[in-house]
Every structure is written in structure tokens, then in C-alpha cells.
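[1] Could you look at this predicted model? Sequence included:
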Amino acid sequence: MPGTPDAAGPEEQAMAVRTHQIPVPHPRQGRPGSSRWFALAVLCVSILMVNLDNTVLNVALPTLVRDLHATSSQLQWIVDAYMLVFGGLLLVAGSLADRVGCVLALLTLPARPRADAPAGHANAPSLS
């Protein structure tokens, strides 16, 4: 009988979808979802660092205008470039921590003040 599933033609048999259950890895025993909360906490702390650093830069903007005679266009470039570089280095630091471990990555933190020192001695807001 053509309407029954057993009497399917060769085209229909070739197009039949076979389903099987995909094995799901079991999370380690402990509190359910604790690794998710830890990941959320790490992400929140990184966002807090970026926002806090942006706040510090925005507080320093009047001093930049007064001392460096920066225009509003130059101030926008300063803020955007600072946040872009800071966010990019945050991604690099996360990748470094994945490769060499968190402890070794945290040992690179003392290098940041040395990297910011040339910007602190700037005499003009432009690169030239």
C-alpha cells in the first residue's frame, strides 16, 4: 500500500532523517550553576574596571583642557582612543590568562603604570 511508511520509495528512504541522542557532558558535582555565577562575576568585574577607568578619565578632562588647551574634538579622540586601547588590552590579558594561567597574567599588572607614564608627561593633546 503506497500510504504506509513501510512502502516508502528509495527517494523517501534516502531523505529520511535519523535521530539519535547527543551525549551531554555532566557538570562536575557541586553546587549547580556555580561556574556560571563565577563567569558572570568575572565579566562584571571587568566591566566595572573599564567603567571606573572611563570615569577617572572623564574627571581629568577639565585639567586636560586647562593644561593642554585641548579642543572638544581632541577630547573626544582622547577618550575614544583610551577606551579602545584599554578594552583591547583587557581582551589580550584574558587570552594571556587562558594561555599561561591567571597567576602569571596577574604578575604583568605592575607593567601598566610604566605603560601609562609617557601619557602623563604629554605637553600637547596631539601626537605631533
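    That came through, no problem. Note that the structure is predicted; figures quoted are calculated from it, not measured.

[2] longest single helix anywhere in this structure?
    For the chain, the helix reaching the highest residue count under DSSP state H is reported as helix 34-68.

[3] which of the residues in that helix are buried?
    Buried residues in helix 34-68, counted by 16 or more other Cβ atoms under 10 Å: 57, 64, 68. (Glycine included, C-beta is placed from N, CA and C.)

[4] For this structure, which segments are assigned as helices?
    With DSSP H as the criterion, the chain has helices at 10-14, 34-68, 72-100, 102-106, 111-120.

[5] what would the ones you listed look like in JSON lines with distance to Pro23 and mean pLDDT?
    Supplementary listing: the helices of the chain in JSON lines, determined by distance: least, Cβ to Cβ, whole Å; pLDDT from 0 to 100:
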{"stretch": "helix 10-14", "distance to Pro23": "27", "mean pLDDT": "60"}
{"stretch": "helix 34-68", "distance to Pro23": "19", "mean pLDDT": "85"}
{"stretch": "helix 72-100", "distance to Pro23": "26", "mean pLDDT": "85"}
{"stretch": "helix 102-106", "distance to Pro23": "30", "mean pLDDT": "73"}
{"stretch": "helix 111-120", "distance to Pro23": "44", "mean pLDDT": "65"}
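
[6] Output those helices in a markdown table, with distance to His20 appended to each entry.
    Output for the helices of the chain, formatted as a markdown table (distance: least, Cβ to Cβ, whole Å):
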| stretch | distance to His20 |
| --- | --- |
| helix 10-14 | 18 |
| helix 34-68 | 28 |
| helix 72-100 | 33 |
| helix 102-106 | 39 |
| helix 111-120 | 51 |
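
[7] if we can go back for a sec, which of the buried residues of helix 34-68 lies closest to Gly101?
    Ranking those by separation from Gly101, with Cβ to Cβ as the measure, puts Leu57 on top at 30.5 Å.

[8] what's Met83 in contact with, if anything?
    Under the criterion of Cβ atoms under 8 Å, 6 or more residues apart in numbering, the contact partners of Met83 comprise 50, 54, 57.

[9] can you rerun that using 6 Å?
    Contact analysis of Met83 by Cβ atoms under 6 Å, 6 or more residues apart in numbering lists Asn54.

[10] Tell me the spacing between it and Ala39.
    The gap separating Met83 from Ala39 is 23 Å, by Cβ to Cβ, to the nearest Å.
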